[in-house]
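Novice: Fold the stuff below for me.
(2 chains)
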There are 2 protein chains.
Amino acid sequence: MYIEKVNAPADLKVLRVDELKTLSSEVRQLLLDKLSVHGGHVGPNLGMVEATVALHYVFQSPVDKIVYDVSHQSYAHKILTGRKAAFMNADEYDAVSGYSEPSESEHDFFVIGHTSTSVSLASGLAKARDLKGERGNVIAVIGDGSLSGGEAFEGLNVGAELDTNFIVIVNDNQMSIAENHGGLYRNLQLLRETDGQAPCNYFKAMGYDYLYVKDGNDVEQLIEAFRQVKDIDHPVVVHINTLKGKGYRLAEEQKERFHYSAPFDLVTGAPTVSFGSGEDYADLTADYLLQEMKKDPTLVGITAGTPTVFGFTAERREEAGRQFIDMGIAEEQAVAMASAIAAGGGKPVFGVYSTFIQRAYDQLSQDLCINRNPALILVFWGSLSSMNDVTHLCLFDIPLLCNIPNLVYLAPTCREEYMAMLEWGIRQTEHPVAIRVPANGVINRNIIPEKDYGKTLNRYEVSHRGSRVAVLGLGSFYQLGEAVVAKLKEEKGIDATLISPRYITGVDEVLLDDLKRDHTLVVTLEDGVLDGGFGEKIARHYGPSDMKVLNFGVKKEFIDRYDVNEQLKKNHLTAPQIVEDICRLL
Amino acid sequence: MYIEKVNAPADLKVLRVDELKTLSSEVRQLLLDKLSVHGGHVGPNLGMVEATVALHYVFQSPVDKIVYDVSHQSYAHKILTGRKAAFMNADEYDAVSGYSEPSESEHDFFVIGHTSTSVSLASGLAKARDLKGERGNVIAVIGDGSLSGGEAFEGLNVGAELDTNFIVIVNDNQMSIAENHGGLYRNLQLLRETDGQAPCNYFKAMGYDYLYVKDGNDVEQLIEAFRQVKDIDHPVVVHINTLKGKGYRLAEEQKERFHYSAPFDLVTGAPTVSFGSGEDYADLTADYLLQEMKKDPTLVGITAGTPTVFGFTAERREEAGRQFIDMGIAEEQAVAMASAIAAGGGKPVFGVYSTFIQRAYDQLSQDLCINRNPALILVFWGSLSSMNDVTHLCLFDIPLLCNIPNLVYLAPTCREEYMAMLEWGIRQTEHPVAIRVPANGVINRNIIPEKDYGKTLNRYEVSHRGSRVAVLGLGSFYQLGEAVVAKLKEEKGIDATLISPRYITGVDEVLLDDLKRDHTLVVTLEDGVLDGGFGEKIARHYGPSDMKVLNFGVKKEFIDRYDVNEQLKKNHLTAPQIVEDICRLL
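Specialist: Model prediction:
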């Protein structure tokens, strides 16, 4: 086992090429052992093993600086830079994050999790190196799928003008999370088909010198190419043709399935954990949209590289046909195009994770909301109980969206309400609409929801009218509100009012003022960061009055790999804590 | 005068080519007559006259849909689509906006003001057309300068795959606002030098058919090219080589000076209005940075296509040399690169307009603030008293920035404080820092400012300690706070407390709690939208207490070409109104 001797990049520099090949196999086996038990990004990492070995063989990290895009291809790098224990010992699996992490190693330079950033970040490291008169290579690694993001283009454009050592490794595995989309990918195909010889070359057009590696999983070819560009004095792209899932047949065959996987059986590939067999909002959404698409040929689903966020599996995408569009990873384009489809009389529905909608603020504001086009955006997973990596927090969509004029941002509390809002969002023609899809499971409240959320604009739903205390439970936190109200009744004999605000973007001033008659305290509950969010608007409204206000939500901070229950407690977001805080004020 | 007969595009279709040339001259003269008196975008519009005439001659607007990027090249379009009175009659100069505006004409499809959006928006119109089974050409017009923005790339990438009629006119005048920056521009140069024949072609690499027009100011050549692509069944780029400022010698020679101009003398080109001869923060900033750059070779100024926002005129850019970088219009890259330069030990300072910082939210959050790199961002013009076009409002930077963890967003109230914060922002190595540069003129308060804003983090400055009422005047509104406090004293005999919060991103809980001793009302004043902003955080803090809070700021709405004084009154932002509102609560 060579891997046992490799504790730092220096340790692999003494190996022969055939030994490096064996080392690659060992690294691959470590990846499979851990990922099948622990879950993680399978395909992208398997495809980058040889390239990572070759990079560390040729370059001198950390003097030479390698920046990995998205970090979904950085596990082999972690193994080779002193962190192999986190892949060899099950007890230590969680000792490293799934992303680049400078606090773990001097070989990592940034915390990275959103796509298309490596070229931009590397361009800054190159500039800093030159300003300081230092030496060393700066290397950005970027996948073909990440090239569709605007930031990657902006980085390439500026990087080309640096007129200095600047190396971009394009890891071309012919896939994004799902298949690639965009005209650029035809050029990558042409380059692969011509062994990089085609004169029409995206990277050369962007101002780069260019090198093609036919087999990006061959250590020898890679070493030769990297040696050629080491210490180069100008920007260069090394385009390496790799196989996503390399070395694990099932991942090679089922590339989308194994982009990321929960723990799975190595032999069958089947998941070894189950996530409950109940309904989920992704399936409910896709099924509803597919059914409506058949009635309305102008209804169109839009994704920015993550189609399954709203249930559009490969089969459903095929069923939708031209009524489904994948932008590749390009949220700006997704929002702008949705706005324009609506302007042109179509019915666009853009499904997106909470953590990624923030990639398109300017498009939401300018392309969509100033123009008041009736596009519909479905924001999934917005919750503390969602992704818990610091780069993928789903806590900021409320402040991001709710302060943009003209937008109607809705917070359904249950299945019936979500479906009614979805239907209204598609049919209405007056407002840009976003819906924060509940993130606390599919719950039936057995209510008859509104039909026209335009007519009731900014009017909150009073589920129960009591007195003294009013609890505003927003979206996913409505059920927490129910628990608080029940507990107040049971334990304190207080008959509190329970309200579902429904509209995150508006304040129901009439209702709030009416509450002043027989309430002394209003409590807001939101499943996201407090700063700039919903509750603060209620506090502002009551600022000049005698009404007391308690805002519950998540503190403004970047938290990483947190325990949900700990965070709920820390932020006083359990029913007992909330009741206690309320009683302290009465 | 042919122009007299042209009230709609149909009217120019009956003209002969030589008559179209005369018409172009007449349109150009109208532009010069109005712009020299009224101000506006000179160079970009003069360069697009012939192309606009040819577009309307060949295509059938509004069945064929033309989408103009940024709208800075859309004035001739306005003249030819029924809005010429707004260019011919001085009384009606303000009857049209400086941007595309659907409410003015069926020939405009979107309100557009930020760059790099036309291709994305047009892609949506094309998709809607196809879903509805309609006909007609969809045409995006985009300048070479706008191609550097990520959204334009994302739009091109997706547009190429539409497999349908989709025409992109690239108006290549070899300039952004200032000169172009980026590797892409070498390819555009190569294409111009080879009459579009070079095999390495950015647009072809992106999947487009391609046509080059050597003289983009020759109506005949343009008509021929547009006829060739009319009703085409696949995506095509028509690359037209135009002259920025065409037909007005001074604008042809001084392209940056005449990109936009305030009213000017047609003979000398000199501005005919003066903006006060006093100091401004742009000059102060650039002079200070240039002086510091000489001492510290790692200090580097960064712009995203608008260098003069912080005083970097062509002369100063030359003086700064490699210590100044222009990204082209690419705010995402600017923020990410600044973060990485700081990570690499350099001292980056990114100067940007309030309205444009919103183009990089994800980069601020992910690339910069999660990584806690000590980059400095200077946000200029954040104020109601700033740009008043709906697409360029400078009211949203506070909610955008102040809810991002780890960021320190500072609000200086005067020259001394700004300079001290600038110095600290550059020297410190702990925090990502942004400064909201005062937008109410250079005022000296004759104070001795703090030196270390890290040591006093989130501690507000108490300028005067009184009782009953405390006024928190944030940044540019500190002086309004002074006026309110003075008026309360004079007219009501109230000795109010005056506070400069300084930190937009933090709440000084100790001070706020201490105020409870002898105050019953806290008033916040901020020069921006209220929703999600500073004041709401103060209201949240006092929510559970007896303290009353009044938040003053701007209502959340998109307002267009407004009168500042009217808006100040409407939002109760004059000292007499504020005093009245305060007294009503005492």
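Novice: Is there any residue in stretch A:379-393 that contacts chain B?
Specialist: Yes. Residues of stretch A:379-393 are located near chain B by C-beta under 8 Å from any C-beta of the partner chain, namely A:390-391. Where you see a C-beta, it was placed from the backbone N, CA and C, and this is true even at glycine.
Novice: so what's the residue in the stretch 1-150 of chain A positioned nearest to chain B closest to, chain neighbours aside?
Specialist: Using C-beta to the nearest C-beta, the single residue of the stretch 1-150 of chain A nearest to chain B is residue A:150, 1.9 Å away. Across the structure, with C-beta to C-beta, 6 or more residues apart in numbering or on different chains as the measure, the residue nearest residue A:150 apart from its sequence neighbours is residue B:150 (1.9 Å).
Novice: Could you report the neighbour count for that neighbour?
Specialist: 29 (other C-beta atoms under 10 Å in any protein chain shown).
Novice: ok, now which ones touch it?
Specialist: Taking C-beta atoms under 8 Å, 6 or more residues apart in numbering or on different chains, we find residue B:150 in contact with A:149-154, A:332, B:116, B:330, B:332-333.
Novice: List the contacts of residue A:214.
Specialist: The contact partners of residue A:214, by C-beta under 8 Å, 6+ apart, come to A:195-196, A:221, A:241.
Novice: And for residue A:576?
Specialist: By C-beta under 8 Å, 6+ apart, the neighbours of residue A:576 are residue A:487.
Novice: hang on, it is in a helix, isn't it?
Specialist: Yes. Assessed by DSSP: H, G, I helix; E, B strand; the rest coil, residue A:576 belongs to a helix.
Novice: That one and residue A:311, how far apart?
Specialist: Plainly put, residue A:576 is 36 Å away from residue A:311 if you go by C-beta to C-beta, to the nearest Å.
Novice: And residue A:360, by the same measure?
Specialist: 21 Å.
Novice: repeat for residue A:417
Specialist: Counting by C-beta to C-beta, the gap from residue A:417 to residue A:311 is 19 Å.
Novice: Find the closest residue to chain B in the stretch 351-500 of chain A.
Specialist: residue A:403 (3.6 Å).
Novice: if I read this right, that residue contacts residue B:397, doesn't it?
Specialist: No. Judged on C-beta atoms under 8 Å, residue A:403 makes no contact with residue B:397 at a distance of 11.4 Å.
Novice: Now the common contact residues for these two.
Specialist: Contacts common to residue A:403 and residue B:397, judged by C-beta under 8 Å, 6+ apart, are absent.
Novice: Next, the contact list for the closest residue to residue A:447 other than its chain neighbours, please.
Specialist: Residue nearest to residue A:447 in three dimensions, not counting chain neighbours: residue A:416, with 5.8 Å by C-beta to C-beta, 6+ apart. The neighbours of residue A:416, taking C-beta under 8 Å, 6+ apart as the test, are A:444-449.
Novice: give me the low-pLDDT residue ranges for chain A?
Specialist: Residue ranges of chain A with pLDDT under 70: A:275-277.
Novice: Longest helix of it, counting residues only.
Specialist: If you go by DSSP state H, chain A has its longest helix at helix A:17-38.
Novice: Could you pull out the buried residues of that helix?
Specialist: Burial within helix A:17-38, assessed by neighbour count using 16 or more other C-beta atoms under 10 Å in any protein chain shown, is assigned to A:20-21, A:23-24, A:26-28, A:30-32, A:34-36.
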